[in-house]
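Visitor: Structure for this input, please:
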Amino acid sequence: MKISGVLSTAAMLGSASAFSPNVSPSINHKSTALSMSTPTTTRLQFLQTASIATVLSTLPFTAPANAAKYGSFGASSPEVLDPKSAIIDDEILKSEPVQAAIASLRVYLEAVTSIQSELKGNGQADIGPSVRSTFEFGKLRADLNTAGTALDEDTQRGTDRISRLILQDITELETANRQKDGVVRSEKRLAIMTKKLDKLSKAFKDYLAFYA
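Guide: All right, here's what the predicted structure looks like:
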C-alpha cells in the first residue's frame, strides 16, 4: 500500500472519530417532572406556548408526530403503568393531604363533565371563565403532586406524564375557546374543544384509577 493511501485512511478514521458521539455515564433521575421545587409555569406562558403550537400546525410542512397522548395503560407509552401493577404506600395514601388532593381531582373531573354539557347545549358558549376559575394552575399542580406522593417512583413517572397532558390540554382548551366578538365559532373549532374536553375527562379518570 502506498504511503499516501495509508495517510488518507488514517485521516478518514480520525475524522470519523471526531464526529463520534461522546457516551456519558448514565444518570439516575428521580421523577421530578411536576416537582414543587421546579419553577412554576404561569398560565400566560402556557397560553403563549399553545398559541405558538397552533401557528406551527398551520405551516405547509409535515413534522414527525409527537402527539400529546398516551393511549391505553401501557399501550402507547411505557411510562404509564396499569393501576393494578402500581405500588402504593397505604399510610401516605390515608394521610389527610393526599385524601384532600384526591377529592379535589374528583371535583376537577366533575367540572370537566359540567363544561362538556354546557358546550354540548350551546356550541357558542364562552367556557373560558369556568376553565380559569376551576382549573387554577397553582392549586391543580399542587393537588397532582400531593396525590402522587403515595405512589412509587416508577408509577410516578407515568402519572407525571398524565399530569403534564392535563395541564397542556387545559391550556389548549382555553386558547381554542377564545373568539373575537361577533364572530361565530366554527364547527372545526368546536370539534377541537370537544376533543380536548374528552381527553381531559379520560386523563382525570385514568389518574384517579390509581386510587380506586
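Visitor: so how many other residues sit close to R189?
Guide: 15 (other Cβ atoms under 10 Å). Heads up, the C-betas are built off the backbone N, CA and C, glycines and all.
Visitor: So for it, what's the pLDDT?
Guide: Note on R189: pLDDT of 95.
Visitor: That one - nearest residue in space that isn't next to it in sequence?
Guide: A176 (5.9 Å; Cβ to Cβ, 6 or more residues apart in numbering).
Visitor: ok, S201 to L109 distance?
Guide: Using Cβ to Cβ, to the nearest Å, S201 is found at 7 Å from L109.
Visitor: Equivalent analysis for A176, please.
Guide: Taking Cβ to Cβ, one finds A176 at 20 Å from L109.
Visitor: of the two, who's got more company?
Guide: Legend: neighbour count by other Cβ under 10 Å for A176 and L109, higher for A176 (21 against 18).
Visitor: Can you spell out which helices and strands pack onto the helix or strand that that one is a member of?
Guide: Assigned by DSSP states H and E, A176 belongs to helix 153-177. In terms of contacts (3 or more Cβ pairs under 8 Å, 6 or more residues apart in numbering; DSSP states H and E), helix 153-177 is packed against helix 43-57, helix 128-134, helix 137-148, helix 187-208.
Visitor: Output the lowest mean pLDDT helix or strand found in this structure.
Guide: helix 3-18 (a mean of 43; mean pLDDT, DSSP states H and E).
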